[in-house]
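**Q** Got a predicted structure plus its sequence, pasted below:
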Amino acid sequence: MIEGEQSDDERPQLSPEQRKQASDIGRIVNRVADHLRLFEAVCLPRAMTSRWVLARRGLPSRIIIGSRRGDMEEGLLFHAWLMVGDVVVTGESERADFMAFDKGKMPQRSADNVV
């Protein structure tokens, strides 16, 4: 499931071992993805792969999608990152530049903002 960010009180508490395991899995997935020659493994495939590995180990995680406006040539840009509790497993390097989607707080379309 792809969801928005959780507040601090909604995030599950992780043991030190779980935090280390999540961080280690993210580091390994990123290292392998950086060396792939078949295709460029961008943020979403990395998050999905890490989520699968974590699920096999019983650790719940959340894929979060965010967006930001790029310049005129780029248009709207998207980024995905994976969270386990408060640990960013993949996608942390660009996460601060993007606003996470929140399925519970989608903006309502009004006559004033119709393009």
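**A** Cool, got the structure.

**Q** Now for the closest residue to S23 other than its chain neighbours, how many residues are close by?
**A** Leaving aside its chain neighbours, S23 sits nearest to V87 (6.1 Å; criterion: Cβ to Cβ, 6 or more residues apart in numbering). (C-beta placed from N, C-alpha, C; glycine too.) Using other Cβ atoms under 10 Å, the number of residues around V87 comes to 19.

**Q** my guess is V87 contacts Q21, does it?
**A** No - using Cβ atoms under 8 Å as the test, V87 is too far from Q21 to be in contact (9.6 Å).

**Q** Show me what the closest residue to E92 other than its chain neighbours is bridged to.
**A** In this structure, E92 finds its nearest non-sequential neighbour in W81, 6.4 Å apart by Cβ to Cβ, 6+ apart. Under the criterion DSSP bridges, W81 forms beta bridges with I64.

**Q** can you give me the helices for this protein?
**A** Using DSSP state H, the helices of the chain run over residues 16-34, 43-56, 92-95.

**Q** hmm, who's touching stretch 34-41?
**A** A33, T49 (Cβ atoms under 8 Å, 6 or more residues apart in numbering).

**Q** Return the distance of it from the chain's centre.
**A** Stretch 34-41 has its average C-alpha position 19 Å from the chain's average C-alpha position, going by Cα atoms, centre = their mean, to the nearest Å.

**Q** Only the C-alpha atoms, please, for it, written as PDB.
**A** Extracted C-alpha coordinates of stretch 34-41, given in PDB (Å, rounded to 0.1, in the frame of the first residue of the first chain):
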ATOM      1  CA  ASP A  34      23.600   1.500  -8.000                       C
ATOM      2  CA  HIS A  35      25.400  -1.300  -9.900                       C
ATOM      3  CA  LEU A  36      22.600  -2.600 -12.100                       C
ATOM      4  CA  ARG A  37      23.400  -2.400 -15.800                       C
ATOM      5  CA  LEU A  38      20.100  -3.600 -17.200                       C
ATOM      6  CA  PHE A  39      18.100  -0.600 -16.200                       C
ATOM      7  CA  GLU A  40      18.300   2.400 -13.900                       C
ATOM      8  CA  ALA A  41      16.600   1.400 -10.600                       C
END
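
**Q** buried ones in that stretch?
**A** By 16 or more other Cβ atoms under 10 Å, the buried positions in stretch 34-41 come out as A41.
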